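[1] For reference, the sequence and a predicted model appear below.
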Amino acid sequence: MTSPPNAKLATALATPSIAPPTAAAHGAPHPRWAAMLQAVVLNALAWAVISAAGAYGAANATTFLRLWQQWCIDYLPMLLLTATLCLALLRWPTLFEPWRNIVGFFIVVMVVFQPLQWLYVDWVRHGGDVAGINLENIYQARLRMRRFSWFVTGATFAIIVGIGNWRLARAREKTLQRTHTHNLELSLALEQQRMLSLRAQLEPHFIFNALNAISALVRDGDKAVSLQGISRLSDLLRYALSASLRDTVRLGEELQFIHDYTDLQRLRYGERLHIDIHCDDAALHEAQCPPLLLQPLIENALRHDLDGHDGRSDIRVHITRRESELLMTVSNPLSAQAPANPGTGLGLKNTRERLGMFNPAASLHTETRGDRFYAEIRLPLGDWD
């Protein structure tokens, strides 16, 4: 029997029946019956194609069908071998991962399976008559086909083992990717929850400070100014609630909110409250930033400036662009005679954490220079411009 030249191709066609080893990774005790049936069917089709190719090359129009049937019968042991290997990989995907397993199974195939295949072929050649088989006949037949027979069996084993391990590596890679994606989704969900938590802390903090301003007006007995403050507070709350539902707002909206907020505080502090807001470029108003970003800094400046003396405040807000960054600086004077007013520290802490979640490159830096306190926000500019 002459073996066909495309045995490797047909063996490769048979190997897709090896199911991905994800089932074992998920703890499935046995492969699915459908996958087992698919393995057997695809292997049978592959060897049928091999047999047809070999018969076509060695036969004429009148003998093709007979030779093809003969080849199919001769290749039954190879079908049994490949189907068994595929089913084994379905059940134990890591079977051929250790080198010792590969070498051990290869020796068994070559030392046990290969001689049995030769005996089977000789038995078929003698019409199932065992009496016609002897060592001399087997030896002479093996001399004629030993090299190609060894090659076909060895190549078949190597191809199935190689593709099985390749599929194992691919399945592990996909598992790692799924795990990585799942971890990223969890991290994102946690960051979103942290952001929502910070916003939930920030909004009551802002409302508390605004209500403090109005309560001071009420205590002073000025009802008209108190009503005006309540009206302005409602506008501020409307913006705060709307902005808190968005991830970003225009810087121009934030600056308008700061103007409105300081107007409300001016009802409490009167002409003592002086704040200078300067933006170097009006185009920066279109830049995107987290909502309610500057208000905690303004609140911090008010607490450490006006609440520490009876004079006029000198709060400065400077917004500029430095290369690819938006630079926002809020500063206020420090008075050595002012009483301690530590506050809760929530505003600056939350602002720093929100900036870190908004963009890892964003930052809030605070320092004292001379007799002034500076809070500086650096925010990478997006594609708004």
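    On my side now, so go ahead.
[2] What's the separation between Trp33 and Leu95?
    According to C-beta to C-beta, to the nearest Å, Trp33 and Leu95 sit 19 Å apart. Where C-beta positions appear, they are placed from N, C-alpha and C, glycine not excepted.
[3] Please say which of those two ends up with more neighbours.
    More crowded of Trp33 and Leu95, by other C-beta atoms under 10 Å: Leu95, with 19 against 8.
[4] my read: the more buried one touches Thr84, true?
    No. Assessed by C-beta atoms under 8 Å, Leu95 is found out of contact with Thr84, at 11.3 Å.
[5] So for Gly356, what's the nearest residue that isn't a sequence neighbour?
    Closest residue to Gly356 apart from its sequence neighbours, by C-beta to C-beta, 6 or more residues apart in numbering: Ala362 at 6.8 Å.
[6] Burial check on the one you found, number of neighbours?
    Burial measure for Ala362: 20 neighbouring residues, criterion other C-beta under 10 Å.
[7] Look up phi and psi at it.
    phi -80, psi 150 (degrees, to the nearest 10).
[8] do the same with Ile315
    Per-residue torsions, Ile315: phi -90, psi 130 (degrees, to the nearest 10).
[9] same thing with the one 3 residues further on?
    As for His318, its main-chain torsions (degrees, to the nearest 10) stand at phi -120, psi 130.
[10] if I've got this straight, Leu87 is in a helix?
    Yes. Applying DSSP: H, G, I helix; E, B strand; the rest coil, one finds Leu87 inside a helix.
[11] I'd say it and Ala39 touch.
    Yes. When contacts are counted by C-beta under 8 Å, Leu87 is listed as touching Ala39 (5.7 Å).
[12] So which of those two has more stuff around it?
    Between Leu87 and Ala39, counting by other C-beta under 10 Å, Ala39 is the more crowded of the two (26 against 19).
[13] There's contact between Leu273 and Leu306 in this structure, I believe.
    Yes. Counting by C-beta under 8 Å, Leu273 touches Leu306, with 6.3 Å between them.
[14] Do a quick rundown of the strands in this structure.
    Along the chain, the segments classed as strands by DSSP state E run 249-250, 275-279, 288-289, 315-322, 325-333, 363-369, 372-380.
[15] how about those strands in JSON lines, adding mean neighbour count?
    What follows is the strands of the chain, written out as JSON lines (neighbours: other C-beta atoms under 10 Å):
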{"stretch": "strand 249-250", "mean neighbour count": "18"}
{"stretch": "strand 275-279", "mean neighbour count": "15"}
{"stretch": "strand 288-289", "mean neighbour count": "20"}
{"stretch": "strand 315-322", "mean neighbour count": "17"}
{"stretch": "strand 325-333", "mean neighbour count": "20"}
{"stretch": "strand 363-369", "mean neighbour count": "13"}
{"stretch": "strand 372-380", "mean neighbour count": "18"}
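[16] Nearest to Val152, out of the ones you listed?
    strand 372-380 (63.1 Å; C-beta to C-beta).
[17] relative to strand 325-333, how tilted is the closest one?
    Orientation check (axes from the mean of the first three to the mean of the last three C-alpha atoms, to 10 degrees): strand 372-380 against strand 325-333 gives 170 degrees.
[18] and Arg91, how far is that from Gly164?
    Counting by C-beta to C-beta, the gap from Arg91 to Gly164 is 12 Å.
[19] Quick one: residues contacting the residue nearest to Gly356.
    Applying C-beta atoms under 8 Å, 6 or more residues apart in numbering, we find Ala362 in contact with Leu355, Gly356, Ile377, Arg378, Leu379, Pro380.
[20] between these, which is closest to Leu184?
    For those, the residue nearest Leu184 by C-beta to C-beta is Gly356; the value is 17.3 Å.
[21] Neighbours of that closest one, how many?
    Burial of Gly356 is recorded as 15 neighbouring residues (other C-beta under 10 Å).
[22] now swap in Leu184 and tell me
    Neighbours of Leu184 (other C-beta under 10 Å): 10.
[23] Same question for Leu297.
    Leu297, neighbours per other C-beta under 10 Å, totals 25.
[24] Give me the pLDDT value at the nearest residue to it once chain neighbours are set aside.
    Using C-beta to C-beta, 6+ apart and skipping the chain neighbours, the partner closest in space to Leu297 is Val330 (4.2 Å). You'll see Val330 listed with a pLDDT of 96.
[25] Please apply the same query to Asp276.
    In this model, Asp276 is scored at 94, pLDDT.
[26] bridging residues for the residue nearest to it when sequence neighbours are not counted?
    Nearest non-adjacent residue to Asp276, counting by C-beta to C-beta, 6+ apart: Arg316, 5.0 Å away. Assessed by DSSP bridges, Arg316 has beta-bridge partners Asp276, Ser331.
[27] picking that back up, anything in contact with each of Leu273 and Leu306?
    With C-beta under 8 Å, 6+ apart as the test, Leu273 and Leu306 both reach Ser313.
[28] Please identify which of the two sits among more neighbours.
    Neighbours per residue, other C-beta under 10 Å: of Leu273 and Leu306, the larger number sits with Leu306, 21 against 18.
[29] what's the residue nearest to the more buried one when sequence neighbours are not counted in contact with, if anything?
    Spatial nearest neighbour of Leu306, chain neighbours left out: Ser313 (4.9 Å); criterion: C-beta to C-beta, 6+ apart. Neighbouring residues of Ser313 by C-beta under 8 Å, 6+ apart: Tyr269, Arg272, Leu273, His274, Ile275, Ala301, Leu302, Asp305, Leu306, Asn332, Pro333.
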